[in-house]
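can't give you the sequence, but here's the structure:
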């Protein structure tokens, strides 16, 4: 999992993953779309492949890279555990804010009398 996050931490690799969301692309197409040269794209794709985020499919003279759903699902599942924790904390914070607002309104009413 750490390798996955480390791979995505680099901005160009993140941009490549975002681009591949809409479907597989060749190295040259990725380079054109993201204004990167071929060696840069190849280097980033190698890191993404090693992290398990992309697969490569040979097509004639090209290699087409696409996202690997299994790795992305693992990230989603891992993040989901933390999302539940944060949701519970935000709900508690909302309740506290409502309680404090009620106390403030009561104090304001007392001052007006």
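Okay, I see it. The shown structure was predicted, so the numbers you read here are calculated from the model rather than taken from an experiment.

quick one: the helices in this structure?
2-9, 11-20, 27-34, 38-50, 69-112 (DSSP state H).

with mean neighbour count and mean pLDDT as extra columns, can I get those in CSV?
Backbone N, C-alpha and C define where each C-beta goes, glycine included. CSV is the format used below for these (neighbours: other C-beta atoms under 10 Å; pLDDT from 0 to 100):
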stretch, mean neighbour count, mean pLDDT
helix 2-9, 14, 86
helix 11-20, 17, 96
helix 27-34, 16, 96
helix 38-50, 16, 95
helix 69-112, 10, 85
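
got a markdown table for these, with distance to residue 62 too?
Putting these into a markdown table (distance: least, C-beta to C-beta, whole Å) gives the following:
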| stretch | distance to residue 62 |
| --- | --- |
| helix 2-9 | 23 |
| helix 11-20 | 15 |
| helix 27-34 | 8 |
| helix 38-50 | 12 |
| helix 69-112 | 22 |
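
out of those helices, nearest to residue 60?
Among those, helix 27-34 comes nearest to residue 60, with 13.1 Å by C-beta to C-beta.

which outside residues touch that closest one?
Identification of contacts with helix 27-34 by C-beta atoms under 8 Å, 6 or more residues apart in numbering yields 12, 15-16, 19-20, 25, 36-38, 40-42, 45, 62-63, 65.
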